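# missing the sequence, but the structure's below:
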């Protein structure tokens with residue numbers, strides 16, 4: 001009797017086959033026969049077969065024709081049917097050109113070991129997907145190469161004891177198919193070394209319902225060790241990793257451990273597991289080398305490595321910390337962070353947030369500066385109004401208390417002089433002379449007041465003569481010796497710039513007289529790179545610059561504002577005991593004709609620099 005699953009397997013395997021490029025030369029064809037332990041019910045064997053087929057198709061350099069057969073120990077309830085299938089395979093491929101045979105699982109390996117001298121003689125045989133014990137410890141001749149699994153259930157139990165302190169009971173779960181029994185025997189023999197240390201209970205030869213009922217009521221300090229489950233005691237068949245195992249794990253009252261990496265993600269916590277993925281890598285590499293001419297006997301059959309592997313979801317379910325896992329453990333099904341899923345998007349978001357943060361900080365800073373400027377402007381406006389009113393009161397008081405009285409006295413004197421003309425002409429003449437002198441003084445004082453309010457000299461003659469006249473007036477009227485120097489200042493200066501410089505000089509010298517206790521000041525005016533520079537220096541008491549931050553008078557604020565309105569710079573530099581320097585720079589928008597100013601300060605052109613003169617006064 002011949003039973004074949006080739007049509008079903010071929011439908012799945014054809015998805016892994018890629019046609020060569022149309023414009024390439026047709027590669028050499030190689031025929032590969034796959035004989036599998038189980039059909040599509042085994043996830044591990046399907047993944048293993050797909051990995052080998054894809055590797056051969058993509059990396060061998062040959063056009064591969066695959067032939068697939070199944071010797072499913074889980075599908076035949078009678079040995080006779082299995083033997084009929086073996087005979088059918090032998091008959092089918094007798095005399096056919098096959099370049100490589102790949103055996104997946106213990107039953108195909110035993111089948112080929114028994115017929116190694118007669119079935120397709122000389123064709124290399126690649127084995128994988130089985131332990132040596134499950135295959136019956138066969139003697140393999142020179143036709144064989146590949147890799148064995150090595151189950152190590154002892155390490156899995158020892159691991160479980162480490163992760164679940166107080167472990168006493170180990171419930172070993174296995175099915176009733178020939179494959180299940182063979183695997184269970186390997187596990188039972190290996191666990192004999194732990195006999196007496198733990199209580200081993202084998203839940204086998206049970207129906208699936210009976211098994212589920214027992215698993216629901218396991219005692220504390222227990223674990224389940226899952227081997228495989230393709231068939232129960234009632235001959236009901238199951239898909240091992242994707243049906244039987246999840247159902248068992250769902251009802252178990254204790255953690256479930258396993259022996260294969262294909263069980264991860266289907267209900268086991270983890271274990272020291274064999275790797276079907278590594279078997280696939282080994283089998284693919286060996287198959288390619290054999291097809292390319294390497295003889296199987298040139299390398300011995302190797303044993304693939306097992307590794308500690310765990311499912312994070314199950315670790316969390318049973319409250320097992322990943323910090324207690326052995327070093328080098330592999331954890332799968334980890335909950336991905338946003339960074340793991342899409343680091344590019346996260347970086348973009350961070351950059352956008354950082355950019356918005358910078359913009360926000362900038363806007364907040366600008367808002368604060370604007371608020372401060374608004375407050376300062378409001379304060380300045382109030383101070384200007386108050387200053388204007390004070391100046392009006394001062395002028396009104398000066399006109400009333402000084403000029404009006406002096407004019408009244410002049411009128412009285414004129415009246416007295418008129419009476420004296422008839423009586424004593426000589427006395428009248430002397431009185432008139434005195435009155436003329438008084439009228440002259442009144443005129444001079446009115447001129448000085450007018451000059452303080454608005455400099456006619458500045459308007460008629462320009463900046464340098466205007467500043468020079470101001471310095472002379474202060475020297476004469478207020479007793480402050482002011483030395484004025486100028487360098488390369490043109491005659492023609494825009495009126496707004498000239499007025500700004502004049503008012504700053506006027507206010508600065510007023511502050512020197514009022515606050516510095518200095519008897520001398522220096523004013524320097526120069527032009528450099530189309531920028532007008534003003535410096536007013538005294539060698540007086542000085543002050544702490546920090547004291548100006550929150551307490552600036554109307555004079556300083558008005559000077560700053562004048563410079564700002566002309567896009568200029570205004571600075572006050574001072575230290576206690578070291579005098580004060582006022583620095584002003586105003587840009588000139590148009591290039592001015594550089595014509596030397598002819599004034600009675602011509603000697604100032606060769607005068608010493610202001611800073612040098614200050615040092616001489618300070619240290620002399």
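Received it, and whenever you're ready, just let me know what you need. In this text, all values refer to a predicted model and were calculated from it rather than measured experimentally. Residues are numbered from 1 along each chain as shown.
# Distance-wise, check the residue of the chain most remote from its centre relative to residue 413.
Computed with CA atoms, centre = their mean, the residue of the chain farthest from its C-alpha average is residue 423, at 106.8 Å. Using CB to CB, to the nearest Å, residue 423 is found at 15 Å from residue 413. To be clear about C-beta, it is placed using only N, CA and C from the backbone, and glycine gets the same treatment.
# again with residue 281
Going from residue 281 to residue 413 by CB to CB gives 127 Å.
# Over to residue 200?
For residue 200, the distance to residue 413 equals 139 Å [CB to CB].
# Check residue 97 too.
Distance of residue 97 to residue 413, given as CB to CB: 149 Å.
# Looking at the two, which one has more neighbours?
Counted by other CB atoms under 10 Å, residue 97 and residue 413 do not tie: residue 413 has more neighbours, with 16 against 11.
# Stretch 115-134: how far from the chain's middle?
Stretch 115-134 sits 56 Å away from the centroid of its parent chain (CA atoms, centre = their mean, to the nearest Å).
# and that stretch, which residues are buried?
Under the neighbour-count criterion of 16 or more other CB atoms under 10 Å, stretch 115-134 has 116, 119-120, 123-134 buried.
# Keep only those of those residues that are in strands.
Of the buried residues of stretch 115-134, the ones assigned to strands by DSSP state E are 125, 126, 127, 128.
# So, low pLDDT: which residues of the stretch 1-150 of the chain?
1-25, 39-41, 73-80 (pLDDT under 70).
# what's the domain layout of this structure?
Using automatic domain parsing, the domain parsing of the chain gives 6-148, 153-272+306-337, 366-450, 455-619.
# can I get those domains in TSV with distance to residue 295?
Formatted as TSV, the domains of the chain follow (distance: least, CB to CB, whole Å):
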stretch	distance to residue 295
domain 6-148	8
domain 153-272+306-337	29
domain 366-450	81
domain 455-619	90
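# wait, isn't residue 507 in contact with residue 560?
No: if you go by CB atoms under 8 Å, residue 507 and residue 560 don't touch, sitting 10.7 Å apart.
# What's the mean pLDDT across stretch 416-428?
For stretch 416-428, mean pLDDT is 74.
# just stretch 463-480 next, same as before
The average pLDDT within stretch 463-480 is 87.
# in that stretch, what counts as buried?
463-471, 473-475, 480.
# Nearest to residue 531 among the residues you listed?
residue 463 (14.4 Å; CB to CB).
# of all the buried residues of stretch 115-134, which comes closest to residue 228?
Closest to residue 228, out of all of the buried residues of stretch 115-134 and judged by CB to CB, is residue 134, at 10.3 Å.
# Which parts of the stretch 101-250 of the chain are helices?
Under the criterion DSSP state H, counting those that start in this stretch, helices of the stretch 101-250 of the chain are mapped to 106-114, 153-163, 178-191, 208-215, 245-251.
# contact partners of the shortest one?
Looking back up the chat, that one is helix 245-251. With contacts defined as CB atoms under 8 Å, 6 or more residues apart in numbering, helix 245-251 is touched by 173, 208, 211-212, 215-216, 224, 226, 229, 256, 258, 263, 266-268, 314.
# Just the buried ones among the residues you listed, please.
Among the contacts of helix 245-251, those that count as buried by neighbour count (16+ other CB under 10 Å) are 173, 208, 211, 215, 224, 226, 229, 256, 258, 263, 266-268, 314.
# The residues you listed: which two are farthest apart?
Farthest apart among the buried ones among the contacts of helix 245-251 by CB to CB are 208 and 314. That separation is 21.4 Å.
# what sits against the residue nearest to residue 427 when sequence neighbours are not counted?
Leaving aside its chain neighbours, residue 427 sits nearest to residue 420 (4.9 Å; criterion: CB to CB, 6 or more residues apart in numbering). When contacts are counted by CB under 8 Å, 6+ apart, residue 420 touches 427, 428, 431.
# Phi, psi for residue 420 please.
Dihedral pair for residue 420: phi -80, psi -20, per degrees, to the nearest 10.
# Now do it against residue 511, distance only.
Taken as CB to CB, the span from residue 420 to residue 511 is 50 Å.
# next one: residue 122
Separation of residue 122 from residue 511 (CB to CB): 114 Å.
# who's in contact with residue 309?
Residue 309 makes contact with 261, 264, 270, 271, 273, 329, 330, 331, 332, according to CB under 8 Å, 6+ apart.
# That one looks like it's in a strand, true?
Yes: counting by DSSP: H, G, I helix; E, B strand; the rest coil, residue 309 falls inside a strand.
# which residue sits closest to it, ignoring its sequence neighbours?
Leaving out its chain neighbours, the residue that sits closest to residue 309 by CB to CB, 6+ apart is residue 330, at 4.6 Å.
# any idea how far residue 345 is from residue 534?
For residue 534 relative to residue 345 (CB to CB), the value is 58 Å.
# let me redo that: residue 329
Distance, residue 329 to residue 345, by CB to CB: 30 Å.
# Next, find the distance separating the closest residue in space to residue 236 that isn't next to it in sequence from residue 233.
Leaving aside its sequence neighbours, residue 236 sits nearest to residue 208 (CB to CB, 6+ apart; 6.3 Å). Look at residue 208 and residue 233: by CB to CB, they are 9 Å apart.
# Would you mind grabbing the residues shared as contacts by these two?
By CB under 8 Å, 6+ apart, no residue touches both residue 208 and residue 233.
# OK, contacts around the residue nearest to residue 236?
Contacts of residue 208 by CB under 8 Å, 6+ apart are 232, 234, 236, 238, 244, 247.
# and the two most separated of those?
Using CB to CB, the two most remote members of the contacts of residue 208 are 234 and 247, lying 15.2 Å apart.
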